[in-house]
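> Let's see this in three dimensions:
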Amino acid sequence: MLRLSKLTDYAVVVLVRLAASNCVETSPCIASATGIPEPTVAKVLKTLAAGGLVTSQRGARGGYRLMRPLGAIPISDVITAIDGPIALTACVEASVSGCDAEGLCPVRGRWDPVNEAIQQALSSITLSDMQEASVPRAFRVPARPIAINAAE
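Residues are numbered from 1 along each chain as shown. Predicted coordinates for the structure are as follows:
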């Protein structure tokens, strides 16, 4: 089973929260708003800052803010920032670990297209898509205005 880490899940929640507040926020404030323990929020924010997704601001009005709008942050960037490169198996090019059976494996190199397809799929979904998916359909604003015929 392919499963993301809990920290990646928390990172998405933290980033969506930062976008919703639209200002600089501290880790205790984010923790209070999201229900994620503050030490975990602090760890996630530090990792996201190292990954270039958020920036920190020091001082009395310090905290964290997004580096890009949610629509410009693909979910693949969040996964890579928290968990490292996306690699389904040890034998794909993006893997940081080696495979024990590399020399004998009959499917060596054949996982690369599968890994690439998953990478492309995750790159096509942005955090904005994730944020919109969390809003109940009844409360979503239509993407296009609905034309109403005044003659009727």
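> List the residues that contact S124.
Counting by C-beta atoms under 8 Å, 6 or more residues apart in numbering, S124 touches P74. Quick note: C-beta positions are derived from backbone N, CA and C, even for glycine.
> quick one: P69 and S128 touch, right?
Yes. The pair P69 and S128 passes the contact test of C-beta atoms under 8 Å, sitting 7.3 Å apart.
> neighbour-wise, which of the two wins?
Between P69 and S128, counted using other C-beta atoms under 10 Å, S128 has the larger neighbour count: 16 against 11.
> What distance do you get for that one to E116?
Taking C-beta to C-beta, to the nearest Å as the measure, S128 and E116 are separated by 24 Å.
> just for the chain, where's the confidence low?
Low-confidence segments of the chain, defined by pLDDT under 70: 1-2, 92-104, 133-152.
> what about the strands in this structure?
Assigned by DSSP state E, the strands in the chain fall at 54-57, 63-66.
> which one of the ones you listed is the most hemmed in?
Highest mean neighbour count of the strands of the chain: strand 63-66, a mean of 20 (counted as mean count of other C-beta atoms under 10 Å).
> Just the C-alpha atoms of that strand, please, in CSV.
In CSV, the C-alpha atoms belonging to strand 63-66 read as follows (Å, rounded to 0.1, in the frame of the first residue of the first chain):
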residue,chain,number,x,y,z
GLY,A,63,5.8,33.8,12.3
TYR,A,64,5.4,32.0,9.0
ARG,A,65,3.8,32.8,5.7
LEU,A,66,3.4,31.1,2.3
